[in-house]
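Q: Take this sequence and fold it.
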Amino acid sequence: MQKQWDILQPDIHTVKNLCRVLKCSPVTASILVNRKIFSTEDALRFLNPSLSGMRPPLFFKDMDAAVQRISDAIIRHEKILIFGDYDVDGITATAILLEFLRYVDADVSYYIPHRIEEGYSLQAGHISDFALANRVNLIITVDCGSASHDAVKAAEDEGIDIIITDHHIAADNLPQAVAVVNPNRHDCNSGFNHLAGVGVVFYLLICLRKHLRDMNFWIKKPEPNLKSLCDFVALGTAADMVPLVEENRILLRTGLDIINSRQRDGIKALIDVSGLSGHYTDADDIVFRLAPRLNAAGRMGYASIAVELLTTTNIETARQIAHSLDDMNMERRDVENKIHTETQGTLNRNPHLLKKRTLVLSCQGWHEGVLGIVASRLAKTYFRPVVLIAIKNGFGKGSARSIPGVDLYQGLLACKGCLENFGGHSMAAGLKIQTEKIDLFRGKFEDAIYRMTRPDDFVEKILIDHELELDGISEKLVDELESLKPFGIGNSEPLFSAGNIKVLTSSIVGKNHRRMVLSQPSDSTGKTINAIQFNIDTRHPLKKDLDQIAFRLRWNRWAGKKTIQMVIEEIC
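A: Numbering: from 1, shown residues only. Sure, this is the predicted structure:
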């Protein structure tokens, strides 16, 4: 696929000012400016994130109504049901709300639907089949519910109140619930649009705790320290791929510290089974090691097992569940690879499909639980929006993934006439469609994206933070780069470029990783550096002389020692 290398050019005066005040290298100061951090105050807040820096939830629409109703339910000892989503965001949001309500001795239970058998979000059937049977008085949704009109109406008819907490983009017409706490509803001016679902619930608990304080509730027992829940918030925030800015950065950094203190049995067992024992767990470990195992519960079975892992206080139970999740994750990988191989076969047989700006594929019998992962892989490979649809009993359930700059939600909104329902955000979404309308949708979706985009939108941009000669790489610089963590959307890991590189040694390690020792002939010091390139096509030999490389710099920690390692991302 065609790629365009763009070297960012931050304002030189702003860079010099940050350099002087922070006493950091021009490289680090340039990266901060590239992240739109211009002032000393913003830089210090960024480098030293603290819970004290979180903004108060002054303008959260419906927050007061939600807090009052939950408070009443606690005092009156009504039956409260937490209804969560089956991904890591929903699982962790369920867990923090469950722990808080258990602490205040509320009569609380939770329910997470089966992804395949029940589908996404609260539905009318959940009211008739579960809430009524269990005499529930109040349902609180987490990470879902903003489009659950039928369920809210069914609950109202039965005298059951519903509070919706969510972060997905909401339509103008909201369900008539007691409260809809969602920073992405159009009439909410809270400024917290970046929060994950678990972040929204965390703010709900901040407000609920204060409300109970004003009622002198905490005379009976110590007021809970919500910081202790930030490990859950970190898991859900990193896993949901929301921008790691402002409160998300604070919550993630705080939560990572708690995770690394190994205080919670469930997370400790998950870390152990993920092969991370003895290492500092960072945001990448959540995204690539911990989250897939937690997600495997909802993809391959019931997500409730993941909630049980997170909330158990028995280490043996935690270990048993963690091993079960590990087994599910291996099964998930096998199913995912099978579908990915099938999609590649379809594209090899039908190369004309790649002449379009979108890719919509469907198949009878695909496992719905892994479609989003495969769609992400295809979107990254072919750099275009991808929709994969699993067909069953006359309907298709699909997962969609997009690329930066192409708003998936708006594209689906233009096709709503041929969809049963859909929801999500600009980069990821889900949908349901009648089988006979898939071809119609394929055409309408292509037309919608075509109208929204230009050809340049489908040329992947390689954004280089700074050109860096090998003799400019130092331990001090790598330490400074580590201070910019956690990395993710909104704060990408810095990417550098260098030219005229000579490969001194090269070997394949594992199945498809290349280990190298590199030098730069223009460097009079003769400096060499260890490098690695992951997931390569081993059929293509590596040249001894490289015109240009794009790379990241990290500490490679092993056996109690650390060395600088270059991670190669692009070669040309």
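
Q: Can you give me the domain boundaries for this protein?
A: Annotated domains of the chain cover 3-8+462-571, 63-252, 262-335, 350-458 [automatic domain parsing].

Q: which of those is buried the deepest?
A: Mean neighbour count (mean count of other Cβ atoms under 10 Å) peaks for domain 63-252 among those, with a mean of 21. Where you see a C-beta, it was placed from the backbone N, CA and C, and this is true even at glycine.

Q: got the end-to-end distance for it?
A: 23 Å (Cα to Cα, to the nearest Å).

Q: Adjust the sequence numbering to begin at 16 for everything that follows.
A: Happy to do that; since the first residue is 16 now, the last one works out to domain 78-267.

Q: one step back: redo the domains of the chain as a markdown table? Include mean pLDDT and distance to residue 65.
A: Shown next, in a markdown table, are the domains of the chain (pLDDT from 0 to 100; distance: least, Cβ to Cβ, whole Å):
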| stretch | mean pLDDT | distance to residue 65 |
| --- | --- | --- |
| domain 18-23+477-586 | 92 | 14 |
| domain 78-267 | 96 | 7 |
| domain 277-350 | 96 | 18 |
| domain 365-473 | 95 | 28 |
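
Q: which stretch among those comes nearest residue 359?
A: Nearest to residue 359 among the domains of the chain is domain 365-473; the distance by Cβ to Cβ comes to 8.6 Å.

Q: Quick one: end-to-end distance for that closest one.
A: 20 Å.

Q: Would you map the helices across the stretch 366-515 of the chain?
A: Under the criterion DSSP state H, counting those that start in this stretch, helices of the stretch 366-515 of the chain are mapped to 386-397, 423-428, 453-467, 490-497.

Q: which parts of stretch 63-75 are buried?
A: Going by neighbour count (16 or more other Cβ atoms under 10 Å), the buried part of stretch 63-75 is 64, 69, 72, 75.

Q: Assess the claim that the third one and residue 78 are in contact.
A: Yes: counting by Cβ atoms under 8 Å, a contact exists between residue 72 and residue 78, whose distance comes to 6.1 Å.

Q: Give me the common contacts of the two.
A: Counting by Cβ atoms under 8 Å, 6 or more residues apart in numbering, the contacts common to residue 72 and residue 78 are 218, 222.

Q: May I have the helix or strand where residue 324 lies as PDB, with CA atoms only?
A: Here residue 324 sits within helix 319-326, counting by DSSP states H and E. Output of helix 319-326 as PDB, limited to C-alpha atoms (Å, rounded to 0.1, in the frame of the first residue of the first chain):
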ATOM      1  CA  SER A 319     -19.600 -12.300  33.400                       C
ATOM      2  CA  ILE A 320     -16.700 -14.600  34.100                       C
ATOM      3  CA  ALA A 321     -14.400 -11.600  33.500                       C
ATOM      4  CA  VAL A 322     -16.300  -9.600  36.000                       C
ATOM      5  CA  GLU A 323     -15.900 -12.400  38.500                       C
ATOM      6  CA  LEU A 324     -12.200 -12.400  37.900                       C
ATOM      7  CA  LEU A 325     -11.900  -8.700  38.600                       C
ATOM      8  CA  THR A 326     -14.000  -8.700  41.700                       C
END
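
Q: distance between it and the chain's centre?
A: 19 Å (Cα atoms, centre = their mean, to the nearest Å).

Q: what packs against the helix of greatest length in the chain?
A: Ranked by number of residues, the top helix in the chain under DSSP state H is helix 330-364. Applying 3 or more Cβ pairs under 8 Å, 6 or more residues apart in numbering; DSSP states H and E, one finds that helix 330-364 makes contact with helix 280-288, helix 306-315, helix 319-326, strand 374-379, helix 386-397.

Q: Apply 10 Å and report the result again.
A: helix 280-288, helix 306-315, helix 319-326, strand 374-379, helix 386-397, strand 401-407 (3 or more Cβ pairs under 10 Å, 6 or more residues apart in numbering; DSSP states H and E).

Q: Listing partners with orientation, what would you give for the fourth one?
A: Read that as strand 374-379. strand 401-407 (parallel) (DSSP bridges).

Q: my guess is residue 368 contacts residue 359, does it?
A: No: with contacts counted by Cβ atoms under 10 Å, residue 368 stays clear of residue 359, the gap being 11.7 Å.

Q: Show the end-to-end separation of stretch 158-168, please.
A: Termini of stretch 158-168 sit 19 Å apart (Cα to Cα).

Q: Now do it: distance to the chain's middle.
A: 23 Å.

Q: cool, and stretch 360-376?
A: Mean-position distance between stretch 360-376 and its chain equals 27 Å (Cα atoms, centre = their mean).

Q: Now do the end-to-end distance for that stretch.
A: 12 Å.

Q: before we move on, the earlier item: can you redo the domains of the chain as a markdown table with distance to residue 34?
A: Listed next are the domains of the chain as a markdown table, based on distance: least, Cβ to Cβ, whole Å:
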| stretch | distance to residue 34 |
| --- | --- |
| domain 18-23+477-586 | 11 |
| domain 78-267 | 22 |
| domain 277-350 | 26 |
| domain 365-473 | 29 |
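
Q: For residue 233, which non-adjacent residue is closest in space?
A: The shortest distance from residue 233 to any non-neighbouring residue, by Cβ to Cβ, 6 or more residues apart in numbering, is to residue 227 (6.4 Å).
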